[in-house]
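Peer 1: For reference, the sequence and a predicted model appear below.
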Amino acid sequence: NLEGFVTKKNLGMGAGNNFGIDKSTSRYVMILNPDTILKKNTFELIFEASKNLDFAILSPLCDNKNYPNYKIGKTKKEVNKEGLFEVDQVDGYAMVLDTFKFKKKFFDENIFMYLENDDLCKRIIDNNEDLYIVPKSKVNHLGASAVDDNYKIQVEISRNWHWIWSKFYFNKKHYGFIYAFFNGIPIFLSALFKYLLYLILNKDKKKQIYLHRLLGFINSLFGRKSSYRPKINF
């Protein structure tokens with residue numbers, strides 16, 4: 001009976017992952033997006049690397065060097081004897097979590113999409129826990145190329161709304177309202193200029209994209225929920 005494992009609505013990435021983690025019974029769980037392609041030995045290498053390793057997050061390496069799935073800050077991270085290297089952040093489409101390190105506080109469910117993984121990694125780093133990349137274990141991420149052409153404009157509108165909403169929310173949560181405001185204002189003003197430009201040029205698709213970027217900022221600024229959902233009919 002799979003009824004208890006179906007959410008029946010779109011919870012967003014963070015809340016959806018939390019739902020799955022809550023249903024698991026093991027200490028270690030793997031987050032894996034549907035738009036990923038694994039190599040034959042991806043699982044084998046990452047599981048081998050996890051043995052006797054103290055970590056909070058362990059991730060395979062993106063096989064496209066132009067789009068690394070990790071970030072390293074100014075401080076140089078150490079490489080251990082197995083060839084793994086520490087990072088400050090990993091992309092959330094493929095990673096193993098040690099649930100004991102999170103104390104039941106996984107993804108922030110206020111975020112529907114974008115920066116939920118940045119938030120998770122920042123909290124882990126702030127708690128002095130470790131994130132590792134396993135360079136021999138590879139994953140391919142299709143990303144935006146996995147979106148059906150019929151829904152691209154609605155998905156793009158949704159992305160713009162949520163991207164700026166999440167950016168303001170993330171900055172306010174970790175650095176305060178004033179920082180979030182002044183960090184977001186240049187993006188808001190740029191979006192306003194582009195919205196007015198495309199309004200004058202009668203470019204409806206572009207106009208809608210930047211209108212929703214404006215609305216995402218305004219909703220986050222006033223503390224409203226991440227409520228926008230794309231208008232897609234199946």
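Peer 2: That came through fine.
Peer 1: Show me what the longest strand seen in the chain is packed against.
Peer 2: If you go by DSSP state E, the chain has its longest strand at strand 131-141. Packing partners of strand 131-141 (3 or more CB pairs under 8 Å, 6 or more residues apart in numbering; DSSP states H and E): strand 36-38, helix 42-50, strand 57-62, strand 85-87, strand 89-90, helix 116-126. Any C-beta I mention is one placed from the backbone N, CA and C, and that applies to glycine too.
Peer 1: I'd like the distance between the residue lying closest to S50 once chain neighbours are set aside and E48.
Peer 2: Leaving aside its chain neighbours, S50 sits nearest to L58 (5.6 Å; criterion: CB to CB, 6 or more residues apart in numbering). Using CB to CB, to the nearest Å, one gets 11 Å for the distance from L58 to E48.
Peer 1: Neighbour count for those two, which is higher?
Peer 2: Neighbours were counted for L58 and for E48 using other CB atoms under 10 Å; L58 has more, 24 against 14.
Peer 1: Do you know the pLDDT at the more buried one?
Peer 2: On pLDDT, L58 comes in at 94.
Peer 1: Just list the residues touching V29, thanks.
Peer 2: Residues counted as contacts of V29 (CB atoms under 8 Å, 6 or more residues apart in numbering) are 20-21, 96-97, 99.
Peer 1: and which of the residues you listed is nearest S190?
Peer 2: Set against S190, the nearest of those by CB to CB is L97 (35.9 Å).
Peer 1: State the number of residues packed around that closest one.
Peer 2: Neighbours of L97 (other CB under 10 Å): 23.
Peer 1: which residues sit in contact with it?
Peer 2: L97 touches 21, 28-31, 56-57, 106, counting by CB under 8 Å, 6+ apart.
Peer 1: These in strands, which ones?
Peer 2: 28-31, 57.
Peer 1: From the residues you listed, list the buried ones, please.
Peer 2: 29-31, 57 (16 or more other CB atoms under 10 Å).
Peer 1: Would you reformat these as CSV and include distance to L189?
Peer 2: Formatted as CSV, these follow (distance: CB to CB, whole Å):
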residue, distance to L189
V29, 42
M30, 41
I31, 36
I57, 36
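Peer 1: which among those residues gets closest to V155?
Peer 2: When those are compared for distance to V155 (CB to CB), I31 wins out at 21.0 Å.
Peer 1: wouldn't that closest one be in contact with V90 here?
Peer 2: No - assessed by CB atoms under 8 Å, I31 is found out of contact with V90, at 10.0 Å.
Peer 1: thinking again about what came up before, now a ChimeraX select for only the buried ones of the contacts of V29.
Peer 2: In ChimeraX, this line selects whichever of the contacts of V29 come out buried by 16+ other CB under 10 Å:
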select :21,96,97,99
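Peer 1: now the longest strand of the chain: mean pLDDT?
Peer 2: The pLDDT scores in strand 131-141 average 91.
Peer 1: Stretch 173-187 now?
Peer 2: The average of the pLDDT scores along stretch 173-187 is 96.
Peer 1: Now do it: distance to the chain's middle.
Peer 2: In terms of CA atoms, centre = their mean, to the nearest Å, the gap separating the centre of stretch 173-187 from the centre of its chain is 19 Å.
Peer 1: what does the following helix or strand past the longest strand of the chain rub up against?
Peer 2: As assigned by DSSP states H and E, the chain's next helix or strand after strand 131-141 is helix 152-175. With contacts defined as CB under 8 Å, 6+ apart, helix 152-175 is touched by 108, 110-116, 118-119, 122, 147, 179-181, 183-184, 187-188, 191, 205, 208-210, 212-213, 215-217, 219-221, 226, 228-232.
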